[in-house]
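Novice: next input, structure requested:
(2 chains)
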Amino acid sequence: MRLSVCSQTPLVRLLVNGLSSHDFLDVGELKEYRDFIFSPGGVTRMVYPLLLHMRAWRMVEDVWWVSLNPTAPPKLILNGIKLYSVRVDDKSLKGYGSVKELMWRLFHGTADESAPSLLELAWFEDYAYFNLYNRICAETIRELDKEEDFDLFYIHDFQQLPTGLMLNTLKPKVFRWHIPFNDRIIPPDWSPFLAKFFNAYEAVIVSCRSYLDSLVKRGYRGRAYHIYPYIDFKEYRRPSKVEVDAFSEKYKIEDDDIVALLVARLDPLKGHDIAIRALARAVKRIPNLKMVFVGNGSFSSSAGGLGLNKAAAWREKLAGLAESLGLGGRVVFTGHLPQGELDAAYERCDLFILPSRAEGFGLVVAEAWLYGKPVIVSSEAGISEIVEDGKTGYVVNPNNFEMVTEALTRLAQNEKMRAEMGESGRKAVEVLSIERGMKEEADVLKDVVEGVP
Amino acid sequence: MIILELVNLTDVVLRLATLAAILLLTFVIARFFGAILRRALRPVPPLLADQVVKAMSLFIWIIGLLLVVNQLGLNLDLLMVLIIIAGIALVVAARDVLSNIVSKVFMGVFVPVKVGDYLTIDGASGKVIEINQLAAIILMDDGSIATIPNAKFVKEVSVNKTSIASQRLSIPVSIKGGVSLPRAEAELLKLAYKYKAHLDQRFPPIFTVKNRDSNSVEGELDLLVADPEQRETLSRELAVKIKEVLDRLGSESA
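Specialist: Have a look, this model is predicted:
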């Protein structure tokens, strides 16, 4: 199978300018963290391993991955996967960025009341640039297809939804929707607009069963699948005591501190403020409770990506909130951590919290389970669908501080409960293994290519 | 005497060379126009395109042969009459095919019918699943297929039962090669946004590519007018504005 993948987020972001090559720039010859980094999130954790495994299983012979990478050379290669960088002029990029940002909030149900609806947004001048970005991607893929004759187009996430229709081909197209798709949030009058784009795809994959129902309710008539996101357990190793101690020392964590960990990009949607407010109440009963926030901006929200630097502003606001609640020193911001230090953070923490106001899935919960940690998960996160409340973690309403505080306090106070829940979580995480996820995903792609009814 | 014979011989050779040149030129022109016409007829079914190219090639060869006959000093009048009669006969024979092809041009803009619509025409009711150069294919309620020649849509009453058919406006757009498609599309959408007050805002404008080759991209700007009575006025005004936008982009890219 010859496969074309398209996502807004590129697999890698170069840290140095001026790298070029007359043909493909081999990223494998560069040094991670000095010359490049992998983009955080699902692209690196899910799509990349899927493609590597599909190549290893000889399911695909060639992969071209088209994504927005304004500062990278046009063509890169990494472990046999060809990466094509799409460039967009600054004005169009700015317009695209503002529309997709608002769209993201609309689909998460977190836009201000004064914000336009999706249908109103599609009349904004900037929407023409959102459209332009998708057209450039579609045209790029079409040109590549002339040379490569792909068997399947695999398009990822809401920013790229129009790309399938614009490809204007009957060759198989599969779309993976990574963020929430909830008919409680998406009103029926958006259906004709969304369905026009969705129905250009032969198959659509969403992350949860509930999103699947919503997709059909909003007019999708093709094959709809739900496949839980997945992680490669082998990527997470148990750090040595020396590494954990080094991490604790670096972030001033004492041996007797009880650490609640939150791993998420710095974005109001992730509910860091909810965690801080819950911490402020819980420390009255548990004085040695600390909160560690790991994460920085996403590709869009960081200064090095699309330049929408909301992460820094949010961090400043959170630091101010912690200070005003008398939590100075109890809230630690680590920023983005390399894998080794992230392993140490998971190992050191006593419990994990994800109080997101909305969350496509929440794979970080699976990571915490891998380290045998109990979790407190927002009911708005897709992964809450597989959390057994009271057994593998607590499911909480992020808008209910009492509930979040109660869960945090109960877990922080009870070491035995933490150990039992953590152990249950370690078993629960099996359903999110990369082997299972990739098999399901590869089966869908194969069925679509072969036209299996 | 010898000089006279030489003169005659030169004359004959010259005439033969002229005839050969005319035939060669005819061959070149027929091939050249054949290639151009074949490219222009890409959207047309291949069999039909072949027939049109063959007819044009025949026409050019006839003109070439007439010139040859003229060079030989023969009377052309009778031959011309025969050719004109044959031409008229050909047009009369192909009139149905031609009327269907011409009608296709008007469908969508002047006759509001599109693939996916549910309509009744000429005793057939069902969903339109295809509109090609010659006919609209209708999937009837009992699963059978009705083929309605395009000319019927111009000549006869059709009832389109699709709720938004009266509002729908599809404006054909041709973007010349050399003009960036993403840029042109963005400019067309921005143009449509200016008419927001006259459009149904539940359905934002959308541009769809229908055909393309190395010379141009053919597409449609699909809109829904708020008031069906303004459909034609809006169509005319937007067509003019679209031309202005595309001309500007064309001159910028030149």
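Novice: C-alpha from now on. contacts and neighbour counts both.
Specialist: Will do.
Novice: let me know how buried residue A:156 is, in neighbour terms.
Specialist: Residues contacting residue A:156 under the criterion other C-alpha atoms under 10 Å in any protein chain shown number 24.
Novice: please report how far it lies from chain B.
Specialist: Going from residue A:156 to chain B by C-alpha to the nearest C-alpha, to the nearest Å gives 20 Å.
Novice: contacting residues for that residue?
Specialist: A:5, A:6, A:7, A:8, A:175, A:176, A:177, A:178 (C-alpha atoms under 8 Å, 6 or more residues apart in numbering or on different chains).
Novice: mind redoing it with 10 Å?
Specialist: With contact taken as C-alpha atoms under 10 Å, 6 or more residues apart in numbering or on different chains, residue A:156 is in contact with A:5-9, A:43, A:47, A:67, A:163, A:174-178, A:204-205.
Novice: who's it bridged to?
Specialist: residue A:7, residue A:176 (DSSP bridges).
Novice: now do the helix or strand containing residue B:87: everything it contacts.
Specialist: Residue B:87 is located in helix B:77-93, with elements delineated by DSSP states H and E. Residues from elsewhere that reach helix B:77-93 (C-alpha under 10 Å, 6+ apart): B:55, B:59, B:62, B:63, B:66, B:69, B:94, B:95, B:97, B:98.
Novice: which one in the contacts of residue A:156 is the model shakiest on?
Specialist: Minimum pLDDT across the contacts of residue A:156 is recorded for residue A:43, with 79.
Novice: what distance do you get for it to chain B?
Specialist: Distance from residue A:43 to chain B, by C-alpha to the nearest C-alpha: 26 Å.
Novice: now do residue A:215
Specialist: Taking C-alpha to the nearest C-alpha, one finds residue A:215 at 19 Å from chain B.
Novice: thought that residue was touching residue A:198?
Specialist: Yes - the pair residue A:215 / residue A:198 is scored as a contact, 9.1 Å apart, by C-alpha atoms under 10 Å.
Novice: which of the contacts of helix B:77-93 fall within strands?
Specialist: Among the contacts of helix B:77-93, none falls in strands (DSSP state E).
Novice: around chain A, pick out the residues from chain B.
Specialist: Contact residues (C-alpha under 10 Å from any C-alpha of the partner chain) of chain B with chain A: B:180-194, B:196, B:201-211.
Novice: change it to 7 Å
Specialist: B:182, B:183, B:186, B:189, B:190, B:193, B:202, B:203, B:204 (C-alpha under 7 Å from any C-alpha of the partner chain).
Novice: and whichever residue of the stretch 151-300 of chain A sits closest to chain B, what are its phi and psi?
Specialist: The nearest approach of the stretch 151-300 of chain A to chain B comes at residue A:193, 6.8 Å away (C-alpha to the nearest C-alpha). Per-residue torsions, residue A:193: phi -70, psi -50 (degrees, to the nearest 10).
Novice: where's it relative to residue B:67, distance?
Specialist: 61 Å (C-alpha to C-alpha, to the nearest Å).
Novice: quick one: contacts for residue 150?
Specialist: Since you didn't name a chain, this refers to chain A. Counting by C-alpha atoms under 7 Å, 6 or more residues apart in numbering or on different chains, residue A:150 makes contact with A:2, A:3, A:4.
Novice: my bad, the chain I had in mind was chain B
Specialist: B:100, B:103, B:104, B:134, B:135, B:136.
Novice: just the buried ones from the residues you listed?
Specialist: B:100, B:103, B:104, B:134, B:135, B:136 (16 or more other C-alpha atoms under 10 Å in any protein chain shown).
Novice: for whatever helix or strand the third one lives in, packing partners?
Specialist: It stands for residue B:104. Element membership for residue B:104, per DSSP H and E: helix B:95-106. Counting contacts by 3 or more C-alpha pairs under 7 Å, 6 or more residues apart in numbering or on different chains; DSSP states H and E, helix B:95-106 is packed against helix B:150-155.
Novice: average model confidence for the next helix or strand after the helix it packs on?
Specialist: Once the chain leaves helix B:150-155, the next helix or strand it forms, by DSSP H and E, is strand B:158-160. Here strand B:158-160 scores 86 as its mean pLDDT.
Novice: ok, now stretch A:337-346?
Specialist: pLDDT averaged over stretch A:337-346 gives 93.
Novice: walk me through the domains of chain A.
Specialist: A:2-230+A:434-450, A:235-431 (automatic domain parsing).
Novice: let me see the backbone angles for residue A:225.
Specialist: According to degrees, to the nearest 10, residue A:225 has phi -130, psi 150.
Novice: same thing with the one 3 residues further on?
Specialist: Residue A:228 has phi and psi values of phi -60, psi 140 when expressed as degrees, to the nearest 10.
Novice: burial count for it?
Specialist: For residue A:228, using other C-alpha under 10 Å, the count is 23.
Novice: pretty sure it contacts residue A:205?
Specialist: No - here residue A:228 lies out of contact with residue A:205, judged by C-alpha atoms under 7 Å, at a distance of 9.5 Å.
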